[in-house]
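Peer 1: A predicted structure for the sequence below; I have some questions about it.
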Amino acid sequence: MMIARWQFTAKFGYKQKAIDLIKKWNEEIGSQTDIDVTRERIITGSVGVSEGLVETEFEIEGLDELQKFFDKIATVKMHDDWGRDMGEVIVSGSTRWEVFRVV
């Protein structure tokens, strides 16, 4: 099992709107994939880390499952629209994916 984590920095004053957009994405777009987004966790910076940091993570079986996920969301028109909305509330260039192995 692995953990796939997407992180970004929310613009000052927009962290809650970014979190709301993640939840909207899960309902409208993530639900169209084979990833179980109902078990997703959203975490935010608190002490010793940027307060604007937001991470969303979910379990995957392996990198093949993550690739299928990326391939699927690329075909969902709503994902493009959501991305433009998200781009207004996050710091440009701050997004990144991390993948961890569970031992």
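Peer 2: Yep, that arrived.
Peer 1: ranges for the strands of the chain?
Peer 2: Using DSSP state E, the strands of the chain run over residues 2-9, 41-44, 53-60, 96-101.
Peer 1: Minimum distance to residue 88: which of these has it?
Peer 2: Evaluated over those, closeness to residue 88 peaks at strand 2-9, with 12.4 Å, by CB to CB. Any C-beta I mention is one placed from the backbone N, CA and C, and that applies to glycine too.
Peer 1: so how far is that closest one off the chain centroid?
Peer 2: Average the C-alpha atoms of strand 2-9, do the same for its chain, and the two points are 6 Å apart (CA atoms, centre = their mean, to the nearest Å).
Peer 1: returning to that earlier point: can you lay out the strands of the chain as a markdown table showing mean pLDDT, distance to residue 34 and mean neighbour count?
Peer 2: A markdown table is the format used below for those (pLDDT from 0 to 100; distance: least, CB to CB, whole Å; neighbours: other CB atoms under 10 Å):
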| stretch | mean pLDDT | distance to residue 34 | mean neighbour count |
| --- | --- | --- | --- |
| strand 2-9 | 96 | 13 | 17 |
| strand 41-44 | 96 | 18 | 13 |
| strand 53-60 | 95 | 10 | 19 |
| strand 96-101 | 97 | 17 | 10 |
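Peer 1: would CSV of those with distance to residue 30 be doable?
Peer 2: Shown next, in CSV, are the strands of the chain (distance: least, CB to CB, whole Å):
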stretch, distance to residue 30
strand 2-9, 11
strand 41-44, 12
strand 53-60, 9
strand 96-101, 15
